[in-house]
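Visitor: let me see the structure of the following:
(one chain, ligands or ions: 3)
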Amino acid sequence: MDLSKIDNPSLLKEMNTKQLEELAEDMRQFLIGNLAATGGHLGANLGVVELTLALHKVYTSPQDRLLWDVGHQSYIHKILTGRGNQFSTLRKYRGLCGFPKRIESEHDIWETGHSSTSLSAAMGMAIARDLKNENHSILPVIGDGALTGGMALEALNHIGHEKKSVTVILNDNEMSIAKNVGALHGALGRMRSAGKYNRAKDDLEWLLKKIPAVGGRIAQAAERLKDSMKYFVVPGMFFEELGFTYYGPVDGHDFEDLLENLNYAKKTEGPVIVHVMTQKGKGYHPAESDVKDKWHGVGPYKIESGEKIKPSSAPPAWSSVISETLRREARTDDRVVAVTPAMILGSKLEKFGEEFPDRLYDVGIAEQHATTLSAGLATQGMKPFLAIYSTFLQRGYDQVIHDVARQNLNVIFGIDRAGLVGADGETHQGVFDISFLRSVPNMVISMPKDENEAQHLVHTAVKYDDGPIAIRYPRGNAEGVDTDEELHTIPIGSWEILKDGKDGVILTFGTTIKMALEASKKLEEEGISICVVNARFMKPLDDSMLHDLMKKDIPVLTVEEAVLQGGFGSSVLEFAAEEGYRSQWIKRMGVPDRFIEHGSVPELWEEIGLTEEKIIENLKEMIPTKQQRA
Ligand SMILES: Cc1ncc(C[n+]2csc(CCOP(=O)(O)OP(=O)(O)O)c2C)c(N)n1
Ligand SMILES: CC(=O)[C@@H](O)[C@H](O)COP(=O)(O)O
Ligand SMILES: [Mg+2]
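Guide: Numbers count the residues shown, from 1 in each chain. Ligands and ions are numbered 1, 2, ... in the order given. Sure thing, here's the model as predicted:
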């Protein structure tokens with residue numbers, strides 16, 4: 001079937017099992033073929049082909065509300081809802097988003113990207129439905145990994161309490177990005193190995209109804225038996241106790257099993273959970289056989305061999321530079337403990353864990369818990385390193401303030417994916433952390449310019465015992481510079497002059513240093529000499545250098561790959577205003593006050609005007625040329 005021509009899931013309604021199986025095979029080949037060029041979350045989507053088809057067959061989107069938790073597994077849903085012809089643009093600039101996007105389709109009724117939000121949103125939709133006396137199904141599809149997110153448990157608690165008709169589809173593939181972790185994962189394991197339950201209960205009820213009511217005693221006894229049965233056979237006891245009717249475990253690749261249980265669920269009032277067993281990466285051997293992450297998310301690859309297409313000799317990933325330095329520190333400092341909220345692979349912490357198995361904790365998708373657990377460790381004299389993506393740190397913001405900074409605890413925040421991340425788009429851009437951390441008392445915020453400075457900053461952070469300190473670093477590979485053998489500490493709040501200049505100043509850090517130096521080189525050729533400063537601490541500012549620079553009364557340009565609102569540039573403006581540098585011309589460059597969608601980082605830099613050319617343009621506007629000065 002030409003999947004690019006599907007424009008509505010209603011075609012499934014008339015399909016029989018054999019036709020569905022054929023369509024599922026077409027879907028898999030389509031995904032494998034297209035993602036070989038574009039990359040994307042292949043493993044997760046290969047695992048939900050039959051489930052997605054079955055959901056769209058039994059239910060009627062968009063009247064029935066289908067929500068996709070995390071949303072990285074919504075590609076089949078997108079194909080079925082008329083977007084198959086856009087897959088060559090998947091996660092590309094101005095192309096198809098890799099997550100549900102309401103502007104793309106009426107079938108995308110809830111946008112995701114961050115995990116564990118679907119059940120809360122579903123509950124909100126259920127309350128609204130009932131207040132409006134509407135009558136449609138609400139179906140959040142949530143993975144076993146996302147279920148470890150605290151929000152999901154908060155929502156289960158509420159849905160069960162209110163007895164709202166929400167049908168939770170639990171997509172259990174025993175994987176988060178890496179193998180799933182936690183006691184809930186273990187409980188799901190026991191449910192997976194138990195037999196079917198709720199159908200047995202329904203069959204028994206059917207039988208009971210057949211028994212002539214002999215004084216009702218047999219029926220009453222059987223009724224007691226049925227309820228007591230629950231405690232021995234129902235695999236989903238955990239959920240039943242929360243007020244959910246549990247169906248499962250269901251074979252998520254068997255249409256008969258899927259359709260039968262979804263139809264049971266559709267007839268069931270109140271909270272329902274359908275526990276579906278799927279295999280991540282199903283149908284593509286390189287993904288199925290991958291022991292690390294089942295090809296959770298991949299770049300382009302060769303279909304036949306499964307060989308991933310990567311640049312031959314690239315500098316080490318920033319995450320590796322940081323985690324390897326941490327591993328080195330841990331050898332001589334027993335206080336060092338690494339914590340990760342389900343991103344052990346992305347944060348390159350596997351080797352740390354192999355060397356220090358009792359000093360690495362993967363807490364699951366639980367950023368709030370990860371942050372406060374780190375605070376707890378610090379109260380006992382340990383030196384926790386919380387490796388956390390900038391965008392996911394947003395989930396633990398209260399814990400940063402209330403538990404870590406307020407008690408001034410020695411927690412190191414390794415803020416990975418800081419800055420624009422590219423293809424994951426607006427839900428994942430790591431551009432808010434400077435802004436939301438800068439206002440927190442006791443916080444130190446830093447960002448290295450290259451891997452050599454990064455290793456010294458990690459060493460500095462491990463030695464720093466005056467409170468919380470953040471080191472932010474971008475997605476991707478480092479700069480490819482040599483690294484010092486011996487590590488030293490960097491004075492907190494100290495900046496570094498990379499290039500002298502007397503006509504103007506650029507204050508910048510991290511990923512925008514290179515473009516600043518390039519711009520200053522070009523301006524030098526035109527007789528305009530620009531000072532370039534590596535403002536490697538966003539907090540505290542280097543007040544003494546700032547005073548020296550401001551006293552020169554030359555224009556200052558701040559450049560940051562982070563939101564302008566309340567960012568580094570704002571702190572320089574505040575400094576100038578408060579220190580009386582009234583005449584100072586200060587201009588800021590950075591991420592504008594809107595969400596930045598997906599695309600390559602260079603394309604996004606171009607879009608928001610974070611470029612060498614724009615730096616030159618701004619400085620020329622701010623600094624009179626020689627002729628004007630003459
Ligand atoms: C708040 C948050 N933390 C971490 C992530 C990163 N992340 C994306 S998918 C994923 C694993 C999800 O596992 P699961 O829900 O089981 O879905 P599967 O990939 O197995 O289908 C993680 C940790 C995220 N998207 N949001
Ligand atoms: C869907 C999700 O949130 C993760 O899979 C994320 O896309 C990983 O990002 P990196 O590829 O930067 O590790
Ligand atoms: Mg999973």
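Visitor: so E426 lies in a helix, does it not?
Guide: Yes. Judged by DSSP: H, G, I helix; E, B strand; the rest coil, E426 forms part of a helix.
Visitor: need the pLDDT of it.
Guide: What the model reports for E426 is a pLDDT of 98.
Visitor: ok, how many other residues are close to it?
Guide: 18 (other Cβ atoms under 10 Å). Quick note: C-beta positions are derived from backbone N, CA and C, even for glycine.
Visitor: burial check on the nearest residue to L326 once chain neighbours are set aside, number of neighbours?
Guide: Distances taken as Cβ to Cβ, 6 or more residues apart in numbering put F385 closest to L326, at 5.5 Å, once the chain neighbours are dropped. Neighbours of F385 under the rule other Cβ under 10 Å: 31.
Visitor: quick check: mean pLDDT of stretch 456-472?
Guide: Averaged across stretch 456-472, pLDDT comes to 99.
Visitor: list the buried residues in it.
Guide: Using 16 or more other Cβ atoms under 10 Å as the test for burial, stretch 456-472 gives 456-462, 464, 467-472.
Visitor: quick one: distance of that stretch to the chain centre.
Guide: Stretch 456-472 sits 24 Å away from the centroid of its parent chain (Cα atoms, centre = their mean, to the nearest Å).
Visitor: so the closest residue to ligand 2 within the chain is in which element?
Guide: Closest to ligand 2 within the chain is G346: 3.5 Å, counting by Cβ to the nearest ligand atom. Using DSSP states H and E, G346 falls within no helix or strand.
Visitor: so which strand or helix has the residue nearest to L326?
Guide: For F385, the element it lies in under DSSP H and E is strand 383-389.
Visitor: what about A387, how many residues nearby?
Guide: What A387 shows, counting by other Cβ under 10 Å, is a neighbour count of 26.
Visitor: in contact with the closest residue to it other than its chain neighbours, which residues?
Guide: Nearest non-adjacent residue to A387, counting by Cβ to Cβ, 6+ apart: S347, 3.9 Å away. By Cβ atoms under 8 Å, 6 or more residues apart in numbering, the contact list for S347 reads S319, S323, T340, A387, I388, G414, D416.
Visitor: which single residue of the stretch 251-400 of the chain ends up nearest ligand 3?
Guide: Nearest residue of the stretch 251-400 of the chain to ligand 3: K280, at 6.4 Å (Cβ to the ion).
Visitor: ligand 2 contacts on the stretch 1-150 of the chain?
Guide: Within the stretch 1-150 of the chain, the residues that sit near ligand 2 (Cβ under 6 Å from any ligand atom) are V70, H72.
Visitor: let's see 8 Å
Guide: H41, A44, V70, G71, H72, G98, F99, G113, H114, S115 (Cβ under 8 Å from any ligand atom).
Visitor: same question for the chain.
Guide: 41, 44, 70-72, 98-99, 113-115, 177, 296-297, 343, 345-346, 389, 392, 417, 421, 424, 427-428, 475.
Visitor: which residue ranges of the stretch 401-550 of the chain form strands?
Guide: Under the criterion DSSP state E, counting those that start in this stretch, strands of the stretch 401-550 of the chain are mapped to 412-416, 444-446, 469-472, 496-499, 504-508, 530-534, 537-539.
Visitor: minimum distance to ligand 1: which of these has it?
Guide: Closest of the strands of the stretch 401-550 of the chain to ligand 1 is strand 412-416, at 11.4 Å (criterion: Cβ to the nearest ligand atom).
Visitor: returning to what we had before: in helices, which of the residues of the chain next to ligand 2 appear?
Guide: Among the residues of the chain next to ligand 2, the ones falling in helices (DSSP state H) are A44, F392.
Visitor: before we move on, what SS does L259 have?
Guide: L259 ends up helix, using three-state DSSP.
Visitor: count of residues packed around it?
Guide: Neighbours of L259 (other Cβ under 10 Å): 18.
Visitor: looks like it contacts K57 (just checking).
Guide: Yes. Using Cβ atoms under 8 Å, L259 is in contact with K57, at 6.8 Å.
Visitor: element containing H161?
Guide: H161 belongs to helix 150-162, assigned by DSSP H and E.
Visitor: same question for whatever helix or strand comes next after that helix, mean pLDDT?
Guide: Using DSSP H and E, the helix or strand that follows helix 150-162 in sequence is strand 167-172. Averaging pLDDT along strand 167-172 yields 98.
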